[in-house]
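Peer 1: task: produce atomic coordinates for the following.
(one chain, ligands or ions: 1)
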Amino acid sequence: MKFDQPAGQNPIDQLKVVGKPTDRIDGKYKTTGTAPYAYERHDVVPNQAYGYVLGSSIAKGRIRAIDTAAAKAAPGVMGVVTTLEHPRLERGMMNAAYLFGGDEIQHYHQAVAVVVAETFEQARAAAFLVTVDYAPEAGKFDLAAEAKGAPPVPGDSSEGSGGDGEERVGDFEGAFAQAPVTLDERYTTADESHAMMEPHATIAAWDGDKVTLWTSNQMIGWGHGSLAKILGVPKENVRLDSPFVGGGFGGKLFVRADAVLAALAAKAFQRPVKVALTRPLIANNTTHRPATIQRVRIGATKDGTITAIAHESTSGNLPDGDPETAVSQTKLLYAGANRLTAMKLAHLDLPEGNAMRAPGEAPGLMVLEVAMDEMAEKLGIDPVEFRIRNDTQVDPQDPKRPFSHRDLVGCLKLGAETFGWSKRNARPGQVRDGQWLVGVGMAAAFRNNMVLKSGARVRLDGAGTVTVETDMTDIGTGSYTIIAQTAAEMMGVTLDKVAVRLGDSAFPVSSGSGGQFGGNSSTAGVYAACVKLREAVAQRLGINSDDAVFADGQVRAGNRAVPLGEAGSRGELTAEDTIEFGDLSKKQQQSTFGAHFVEVGVDADTAEIRVRRMLAVCAAGRILNPKSARSQVIGGMTMGTGSALMEELAVDTKRGFFANHDLAGYEVPVHADIPHQQVIFLDEVDPMSSPMKAKGVGELGICGVGAAVANAVYNATGIRVRDYPLTLDKFLDRMPEAA
Ligand code: MOS
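Peer 2: Predicted coordinates for the structure are as follows:
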């Protein structure tokens, strides 16, 4: 189905199943431990051996030799596959660093060998008997030191943000110089680690020249093609299966060393091999969110109209890596005739920077929305009002392009009213509650809506059961549930009559999960397949498909009513289709909007920061399932709190690695850190986005919330720290005298 006209009235608009706050279908499996993750799939193939990955202990250089004799002689060991035995392997989708093969070391903990044994413990013990003779070389590991000469470069997050190295509209410098009120500040954000619950893991087994990988991956279509390329086998000989994923957050958009090494080891030892990346390897062997140094300049008239806005960001990466696209939202969020955005990239030899939890917008809004708060204060205008005053209904870089639907102002107004914003004391450091200095802050949320081609197959049997098959993944997001809701709505059945099968490369290729494109795109693909199935049903029942009404488990036409199952009773009916998006998303800008409001307390003596309450108001098209959407948004709000207050990979700038590479040293928010969270969705549809009239919502929650936390901390203390995360050491010696 080609989607190149705005959606008209269609069966989804009935909202009998879609739009209802439905429990996640996979919830009971997840909570009872019966939704196996890749490493736990003991039943898929017998005789699984264990691979343990050895990572490089230098950050840059070459390997002269690897001695595996002692490891091979250790108990239970079947063998060792080393990087020197393979030529440098091709890279897959979005891979900047090479995953295996050859003698060159590009970053710390790059995989140099996999040791395979009968048990995990035997493999791990033997791995420490492998000795590697390195020829280290000097590397660059310090972003601050390398930032100076960093050139502007184009870049793309693959998740809807990116652009040229420098983009300009009007005369920024001239307008900024003339503006009566200006702000020019520098901010820094930290390197961050994915820290997902389920580590990267794969079981691989060969059957002749065909290989199956039971793995943990967000994008089956990409992974399928990538593994065929990396392993040098035809695509039809590779199968990926990833029905349950314990979090991806961008770190599993692509193939990593676990999958490659499991496949190579399984081939080498003619036995199924399972490989999980240990927690320390996740920080340094896989990918992370790169640190940024950002500069924001805003010029405005005295009444708060922005006349000049510039946002520049510098990040580092390996030579073939992208810049962090931290300035993209600044092209679209606020009006202003004179504009400049730039992304600069420094060459660093740290592990690969790549997509993580709303890449671009999350660290970009962390900064832009603090700068907006600072500017509002300079202007003496309420920060909510300042944002409303600078709203735009068109793309500020190309005013002929309207937004398909934009209600940022609605989010700001409803948020302010619901949160009790009018009670805020604009003078910082004034509100006390016992030992706590109390403050409130807000920020706008913005994330682009991407649409990606997505396919599905639907089958109808004689019992009236509808089975959906697509290689779409459910990374904890609720895909199973919204796909079932879509099929139930389209076929006029209840949810218990729908079965959903996901994550298998044998199924039609979907959008996959990433960049908050999966929910809308994959359900639109299911919609397309169901339109075809409805036609097939009508044809088999001898009904004109235009007259057929699918409802209550029946197909009705005129005064005839037939149970849906009857169409499948003379052999299963199958329909398959792919939704393909035309250029609607080019003609109009599709984005999602929100407003975050946060209250914090800061301990007057210790500067410990505690979030006390949070509110997000989101405008993201039709919400397919308010319950799972809310879960996505509160997850994002939690992640944003992590960015603002605790998440930081500590860079060893001498040896070139992230030192706090485990969950003891890398802090993320836990339940005790997160208070009451409220989420409100504006009731809206966006017919430009898809037949579902939905948009992405999964990552909107993380965008801007960190700035709302930081602005609340400023309001509580009067101390503006521009170096995130806001750990208490940055406040202690500046705290107001304790009363
Ligand atoms: Mo992306 S960071 O996989 O949504």
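Peer 1: report the distance from stretch 637-657 to the chain centre.
Peer 2: A distance of 17 Å separates the centroid of the chain from that of stretch 637-657, by C-alpha atoms, centre = their mean, to the nearest Å.
Peer 1: buried sites along it?
Peer 2: 637-649, 651, 653, 656-657 (16 or more other C-beta atoms under 10 Å). All C-beta spots, glycine's among them, are computed from the backbone N, C-alpha and C.
Peer 1: is there proximity between that stretch and the ligand?
Peer 2: No. Stretch 637-657 lies apart from the ligand when judged by C-beta under 6 Å from any ligand atom; the minimum separation is 10.3 Å.
Peer 1: begin at 165 from here
Peer 2: Let's use 165 as the start, then, which means that last one is stretch 801-821.
Peer 1: pLDDT on that stretch, on average?
Peer 2: Taken as a whole, stretch 801-821 has an average pLDDT of 98.
Peer 1: how long is stretch 401-417 from one end to the other?
Peer 2: The first and last residues of stretch 401-417 sit 21 Å apart, counting by C-alpha to C-alpha, to the nearest Å.
Peer 1: what's the answer for stretch 284-297, then?
Peer 2: End-to-end span of stretch 284-297 (C-alpha to C-alpha): 25 Å.
Peer 1: buried residues in that stretch?
Peer 2: 284, 286-291, 293-294, 296.
Peer 1: in helices only, show me those.
Peer 2: Using DSSP state H, the members of the buried residues of stretch 284-297 that fall within helices are 284, 286-291.
Peer 1: over to the residue of the stretch 765-903 of the chain found nearest the ligand: give its phi and psi.
Peer 2: Using C-beta to the nearest ligand atom, residue 863 is the residue of the stretch 765-903 of the chain that sits closest to the ligand, at 5.6 Å. Main-chain torsions, residue 863, degrees, to the nearest 10: phi -110, psi -10.
Peer 1: so it touches residue 678, yeah?
Peer 2: No. Contact between residue 863 and residue 678 fails when scored by C-beta atoms under 8 Å: they sit 9.2 Å apart.
Peer 1: contacts only, for the residue sitting furthest away from the middle of the chain.
Peer 2: Distance from the C-alpha centroid of the chain peaks at residue 723, with 49.2 Å (C-alpha atoms, centre = their mean). With contact set as C-beta atoms under 8 Å, 6 or more residues apart in numbering, residue 723 has no partners.
Peer 1: next one: it from residue 707, what distance?
Peer 2: 12 Å (C-beta to C-beta, to the nearest Å).
Peer 1: now the longest helix seen in the chain: how far from the chain's centre is it?
Peer 2: Taking DSSP H as the criterion, the chain has its longest helix at helix 682-705. From the chain centre to the centre of helix 682-705 is a distance of 27 Å (C-alpha atoms, centre = their mean).
Peer 1: also stretch 279-293?
Peer 2: 33 Å.
Peer 1: correct me, but residue 682 touches residue 643?
Peer 2: Yes. Counting by C-beta under 8 Å, residue 643 is a contact partner of residue 682 at 6.5 Å.
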